[in-house]
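**Student:** Predicted structure and sequence below. I'll ask about it afterward.
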Amino acid sequence: DVQLQASGGGLVQAGGSLTLSCATSGFTFDEHAIGWFRQAPGKEREDVACISRGNNAIYYADSAKGRFTISSDNAKNTVYLRMNSLQSWDTAVYFCAASGSRYCDSFESWGQGTQVTVSS
């Protein structure tokens, strides 16, 4: 049974930092790409970052470049998203998801999301 559990969200002031965790189970962790996504109220879900297993590449959305860092701990089957210099527009529910392949496409399994609220 594939499971992804996102945690670490909360309320932070603008300019602050948070680290989100995505704990996974039920699949071979290092054979599936893991991505972070977010959805703000009234907006569509958008990509944030992804770590690929096929070529060990890391991808960031333009909004995340230079501020967010995705990392993977294979021993803990957990992917992290370190978010620095948070701004009000980063407020959203953040989700992690596992791809059906080693690459950052076809995300099939989703966690429940964790709320990040940035106060200005």
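**Tutor:** Looks like it came in fine.
**Student:** Quick check: which element contains the residue most central in space within the chain?
**Tutor:** The C-alpha lying nearest the average C-alpha coordinate of the chain belongs to residue 36 (C-alpha atoms, centre = their mean; 2.4 Å). Taking DSSP states H and E as the definition, residue 36 sits inside strand 34-39.
**Student:** now residue 48
**Tutor:** Element membership for residue 48, per DSSP H and E: strand 46-51.
**Student:** quick one: average pLDDT of that strand?
**Tutor:** Average pLDDT, strand 46-51: 98.
**Student:** Show residues contacting the next helix-or-strand element following that strand.
**Tutor:** Going down the chain from strand 46-51, the next helix or strand is strand 58-60, by DSSP H and E. For strand 58-60, the external contacting residues (C-beta atoms under 8 Å, 6 or more residues apart in numbering) are 47, 48, 49, 50, 51, 52, 68, 70, 104. From N, CA and C alone the C-beta is placed, and that goes for glycine too.
**Student:** Cool, thanks, talk later.
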